[in-house]
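J.: sequence first, then the predicted structure, then my questions.
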2 protein chains.
Amino acid sequence: MDMLQVFHMNKGEGDTSYAKNSTVQNKILSISKSFLEEAIEDSLTTFGNFPETMAIADLGCSSGPNTLMAVSEILDAVAERCLEFGCRKSPEFMVFLNDLPGNDFNEVFASLASFHAKLKEEKGAHFGPCFISGLPGGFHGRLLPNCCLHIVHSSSSLHWLSQVPAGLDDKENGEMANKGKIYLSKTSPKSVISAYMLQFRKDFMSFLKCRSKEVIPGGRMVLAFMGRTSTDPACEKATAHWDLIASTLMTMVSEGLVDEEKVDSFNVPYYAPCIEELKQMIGEEASFSLDRFEASEIDWDGGERMESSEETRGERIAKMHRAVVESMLDHHFGRLVVDQLFIRYSRIIDHLLSKQALKLINLFISLTRNPY
Amino acid sequence: MDMLQVFHMNKGEGDTSYAKNSTVQNKILSISKSFLEEAIEDSLTTFGNFPETMAIADLGCSSGPNTLMAVSEILDAVAERCLEFGCRKSPEFMVFLNDLPGNDFNEVFASLASFHAKLKEEKGAHFGPCFISGLPGGFHGRLLPNCCLHIVHSSSSLHWLSQVPAGLDDKENGEMANKGKIYLSKTSPKSVISAYMLQFRKDFMSFLKCRSKEVIPGGRMVLAFMGRTSTDPACEKATAHWDLIASTLMTMVSEGLVDEEKVDSFNVPYYAPCIEELKQMIGEEASFSLDRFEASEIDWDGGERMESSEETRGERIAKMHRAVVESMLDHHFGRLVVDQLFIRYSRIIDHLLSKQALKLINLFISLTRNPY
C-alpha cells in the first residue's frame, strides 16, 4: 500500500466525513494549546523579539473544522504576547499547511476566506498579515528549504508510519507473519512487534532529521500523537481498537463474508510509542531538546456527550474511526466489507462501553531546535 | 460577481475541461521560455551566484498540463546555467503555485509525484530539491511575506480584473451602461471604456505594488497576458471574441432564449492593455524596470492543426474559450444558456474562419525589481 497515494481522511462534509467525525482530534488540539502558548512565550524570551516573518508549519493538517485550529492557537498566543510586551508591530505569518497529496486541499482553501475575515475581526487590520499555503507531501521526507521554519506543529499524525513495516504483508516461508491481526497484539509473534518498532524508529528518526534541517536554531516543535504509558507495545490501551477491528473482520471471515487471506495480509501502518522510546531517539538524533512532555488519557469519543443524539456512543465512535481509516480499508477490502465491518464494530463498542470505559493515550511533546 | 469565489478554469479532465482545452495558453508559455531563460541568466550575472534557496511564484497557475510548464522552464534554465558555470551545488527551490481558491489544487497536487519523478530522472538526484506549495488567493493583493521571491512568473492571467469595473453592472439613471455588449466595444459609450481602463490601472498598479514588497531587489518578473498593439482599447483584435459572444447572446435574446436585461447587466472582468499603458504604469509605480517586451500575434486556436479531428476549428476554439469563461457565464446565465451559446458560437467562428484568419495579441514583459 502506497501511503502517499492511498491514505486520506474521509473527504467532504457527509455523515461519514472526517469533517463531521473529528471530535477526538479536536479534543487533542485543545490540550496542545498550552504547549503552543509556552513554545511561543519561550521563543520570544529566546530571541528577545518576534521575527519580521514567522514561518509556521502544521504537519498533517487534514481538512474540516480542525485544520486551522492549531494555527489559530499560535496566532492567538502571538497576539497576546505582542499586547503584553507592547511589540510595536506584529510579525507577518507564513503558514504551510501540510498533508498527504490525497488530502482535500480544495476544501481547506475554500475555508480560508472566512478564516481571514474572522482573524481581521478579532485581531484588527494591523495584526499579521497571515499568508497561508498548502504543502502536499509526506512529512517523513523533506518538505521545505533549509532553515526556514520557526514553529512546527503536528497533531494526530505522527503515529502513522510511512509504510506497513517490511515483511508483514508478504508471505515468509509460505506463512503470513501476523495472521488474524491488523496491528501488533498480545498474540503477535515477536518478529511482528520488532518490525513495528523498527519501522517507527526509522520514520521518527527520519522525521527529526528532516525537521532539523528546516527549523531554525531555537525554533520549536509541538507534537501530539497516539502513544502509551506502558513500555509494552502490545498493552491494551495502545492496541484495543485495532484488536477489535481485527476480531470483527475474523467474525466476518467465519461467516464467509471476507477472505481469511485478506485479513492475514492487511496490517496498519501505525505505531503508538511510549515516551521512553521517543526520549531515546530524540537524544540519539541530537538536533532537538525535549522541553516538556505529557501523556493524556482521552475517551474514545473525545469525552463528547450527546444525550439527545439518536446515535449510540458506539455508533459515533465507529464513525470517528471509520473517517480516519476508511481509505486504507476500502483500498484493501472493498467498500461492501467496510460498510458491514463498521456496523458490527459499533455494536461491539456499545457492548464494551456497557461494562467499561474505553480510553486511549495521547502523547504531547515540546522540542527546541538546538544551536548548530 | 465575486471573482475570488466564482472564477476558475473548467475543472477535471472531461471534454470541456481546461486541462483538455488549453492549447493557446500552452503556446503562450512556450513563447515565454526565452524571457524566463534571459531572466535567469541576468539574475546569475547580477548576483554572481544562485541563492541557496531560489523562491519562485507562478501566479495564475491553473490546473492541467500547463500548470508546471513555467516552473519546468525555470528549472531547466537554472540547470543549464549551473552546468555552464560549473556551480558546485544547485539551489534548492521553493515554488509557490498561486491561483484563486476555486482552482482545482487537488488535481495539481495529484500530479506532483510524476513531476518530481521526471525531474529526478532528467536532472539527477543532486539537482534541487524542489519544494512545491499551493498558494490560494488573488494576485491583486499580497500573497507572500516581504522580500521573499526571486522569480515571479504569470501567464494568461493578468488580463483578468479583480472585479467588473464599478458602475457597469448597476443601472445608472435607469439605464445599463453597456447594453448588448459584455466587454468594451466600438459602440460602447466612452464612460464604459474609461471604466475598464480605470479598473485595469487600479489592478495593475496594485499588482506591481504588492509584488514590489515580495520580490527581492534584483529579482525578476516575466509576465504574459492578452493585450493589443493598437492604442485604441476597442480595436478589433482586443475585443473580437467578446463581441462575438455578445452578439450570439443577443441573437438568443431575439429568439426568447435569454433575457435582454441579463445580457445588459453582464460584463467581463477583463482588459487587454497596450504596451504604452503598461510602460506608463511601471514608470509611475517605480519599483520595477522594464527590461524587455514583445507583442505576439497568435491564432485563436494557438496554431494547432488537427486535420484528422472530427471537430471543426470553430468547435475547438469554442471549447477553449468555454473552458476559461464558463464559470462566470454559468454563474450569471445558467448552464442551459451556456450550452446553447457555445454551439452557436462555434458555428459563427467556423463561418468567420472561412473568410479570414482570427488572431489575438499576447504581450510579454520582463521586469527587474529596482534596488530600494
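T.: Structure received.
J.: pull out the buried positions in the host helix or strand of A:K237.
T.: Assigned by DSSP states H and E, A:K237 belongs to helix A:236-254. Under the neighbour-count criterion of 16 or more other C-beta atoms under 10 Å in any protein chain shown, helix A:236-254 has A:237-250, A:252-253 buried. From N, CA and C alone the C-beta is placed, and that goes for glycine too.
J.: contacts for that helix?
T.: A:180-186, A:226-230, A:258-260, A:263, A:268, A:270, A:272, A:300, A:321, A:325, A:333, A:337, A:340-341, A:344-345, A:348-349, A:352, A:358-361 (C-beta atoms under 8 Å, 6 or more residues apart in numbering or on different chains).
J.: and those residues, which of them are in strands?
T.: Among those, the ones falling in strands (DSSP state E) are A:226-227, A:359-361.
J.: widest-spaced pair of those residues?
T.: A:G227 and A:K359 (12.7 Å; C-beta to C-beta).
J.: looking at the two, which is more packed in?
T.: A:G227 (26 against 14; other C-beta atoms under 10 Å in any protein chain shown).
J.: what's the pLDDT at that one?
T.: For A:G227, the pLDDT comes out at 97.
J.: likewise A:S308?
T.: On pLDDT, A:S308 comes in at 63.
J.: over to the one 3 residues further on?
T.: A:E311 carries a pLDDT value of 87.
J.: apart from its neighbours in sequence, what residue is nearest it?
T.: Closest residue in space to A:E311, ignoring its immediate chain neighbours: A:K319 at 7.9 Å, by C-beta to C-beta, 6 or more residues apart in numbering or on different chains.
J.: contacts only, for that neighbour.
T.: With C-beta under 8 Å, 6+ apart, A:K319 has these contacts: A:15-16, A:20-21, A:311, A:342, A:346.
J.: can you check A:K123 too?
T.: Neighbour list for A:K123: A:75, A:79 [criterion: C-beta under 8 Å, 6+ apart].
J.: and the residue nearest to A:S22 when sequence neighbours are not counted, how close does it get to A:V215?
T.: If the residues on either side of it in the chain are set aside, A:S22 comes closest to A:N66, at 5.3 Å by C-beta to C-beta, 6+ apart. Note on A:N66: its distance to A:V215, by C-beta to C-beta, to the nearest Å, is 23 Å.
J.: more neighbours: these two, which one.
T.: A:V215 (27 against 21).
J.: what count of nearby residues applies to the closest residue to the more buried one other than its chain neighbours?
T.: Nearest non-adjacent residue to A:V215, counting by C-beta to C-beta, 6+ apart: A:R369, 4.3 Å away. Residues within reach of A:R369, counting by other C-beta under 10 Å, total 23.
J.: and for A:A110?
T.: For A:A110, the count of nearby residues is 15 (other C-beta under 10 Å).
J.: in contact with it, which residues?
T.: The contact partners of A:A110, taken as C-beta under 8 Å, 6+ apart, are B:101-102.
J.: tell me who's in contact with the residue nearest to A:V215.
T.: So A:R369 contacts A:211-212, A:215-221, A:287-288 (C-beta under 8 Å, 6+ apart).
J.: try 10 Å this time
T.: With contacts defined as C-beta atoms under 10 Å, 6 or more residues apart in numbering or on different chains, A:R369 is in contact with A:147, A:149-150, A:152, A:211-221, A:287-289.
J.: could you check the pLDDT of it?
T.: Looking at A:R369, its pLDDT is 97.
J.: how close does it get to A:I216?
T.: 7 Å.
J.: the stretch 51-200 of chain A: strands as residue ranges?
T.: A:53-59, A:92-99, A:130-136, A:149-155 (DSSP state E, counting those that start in this stretch).
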